[in-house]
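Undergrad: Fold the following.
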Amino acid sequence: MQIKKKKIQPKKTNQAKEFLSKEHHDSNMVVAVRVRPLNVRERDNKDYDILNIQDKLVVVMDKIELECSEKDTKPDVLHRSKELRYFFDRIFPKNVQTLEVYENTCAHLVPSVVEGYNACVFAYGTTGSGKTFTMTGNINSPGIMVLILQDLFKTILDKRTEKEFSIKMSYVEIYNEVIFDLLIPNGRETYLDLREDPEKGNVISGVTEFVVKEPKEVMNLLTMGNKRRTTEATMANAESSRSHAICQIMLLSKDRIKNTEEE
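TA: From the prediction side, this is the model:
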């Protein structure tokens, strides 16, 4: 049986585009911010929030003088004229769970990925802002990476009568402009190269790709990979990730009737 790679033709509409059109976006990008609660060190220092959330607006208040009473640790004097205002597509307060963040930012991407579209979720923030917790999470609170895979498995299960699917996963770290493989024991002993493939574009040469069959395998691989990441204590975080981590999910599908393969 001969299997050929099928070139995906852009479709007029998909769930991701419908999601964006409902939000009246002019681009294919959604920008969201998640407010982190005060950590133990900040609470011990009697620090306070200077953020005021108003729908899709974040107001950063700027104090000019701190005159706190014995009962109230918040400043009495604020320089209102120097308030900074930022607009986002989504704003999540500090008491929101990761599942809600996922459902309102990334869940709409899964059906589009199954259709053959590429998608990217990028987390950006300062040290200690909660990027690793939001993206990776833990056993009790799975991160966006795991939640995406859970929905992806559910979606392809519904289409199993039409197509055969295979999911591969890689996890790498970029530290001091060097790429390491996080999914193999000696990954830090070998530098990986970024090369250009005529068909796939930019690829990481030699990276390990694991075939995953259930979300639990993904969580185990992410946990294992995170233990191998470069960490260092900082004033903001006792175990700060001092690198960039990239988790890449590759979905391959084979049409059961036409014997063609899509990636």
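Undergrad: Against E162, how distant is the nearest residue to K131 once chain neighbours are set aside?
TA: With CB to CB, 6 or more residues apart in numbering as the criterion, K131 has its nearest non-adjacent residue at 4.4 Å, and that residue is A123. To be clear about C-beta, it is placed using only N, CA and C from the backbone, and glycine gets the same treatment. A123 sits 33 Å away from E162 when distances are taken as CB to CB, to the nearest Å.
Undergrad: Counting neighbours, what do you get for N95?
TA: Per other CB atoms under 10 Å, the neighbour tally for N95 reads 8.
Undergrad: Adjust the sequence numbering to begin at 788 for everything that follows.
TA: That works, and once the first residue is 788, the last one we named lands at N882.
Undergrad: part of a helix, is D834?
TA: No. Counting by DSSP: H, G, I helix; E, B strand; the rest coil, D834 is not found in a helix; it is coil.
Undergrad: any idea how the chain splits into domains?
TA: 791-817+882-1049, 825-880 (automatic domain parsing).
Undergrad: so how far does the shortest one reach from one end to the other?
TA: This points to domain 825-880. By CA to CA, to the nearest Å, the extent of domain 825-880 from end to end equals 12 Å.
Undergrad: Could you pull up the mean pLDDT of that domain?
TA: For domain 825-880, mean pLDDT rounds to 73.
Undergrad: List the contacts of R877.
TA: For R877, the contacting residues are V817, V818, A819, V820, K843, N891, T892, by CB atoms under 8 Å, 6 or more residues apart in numbering.
Undergrad: repeat that for 6 Å
TA: Applying CB atoms under 6 Å, 6 or more residues apart in numbering to R877 gives the contacts A819, N891, T892.
Undergrad: Restrict stretch 831-839 to CA atoms and write it as CSV.
TA: Output of stretch 831-839 as CSV, limited to C-alpha atoms (Å, rounded to 0.1, in the frame of the first residue of the first chain):
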residue,chain,number,x,y,z
ASP,A,831,5.8,38.0,54.3
ASN,A,832,7.1,41.4,53.1
LYS,A,833,3.5,42.7,53.3
ASP,A,834,3.5,43.6,49.6
TYR,A,835,0.3,44.5,47.9
ASP,A,836,-1.4,44.3,44.5
ILE,A,837,-1.1,47.4,42.3
LEU,A,838,-3.3,46.0,39.6
ASN,A,839,-6.8,47.0,38.9
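Undergrad: gap between it and the chain center?
TA: With CA atoms, centre = their mean, to the nearest Å as the basis, stretch 831-839 stands 26 Å off its chain's centre.
Undergrad: Over to stretch 967-983?
TA: 21 Å.
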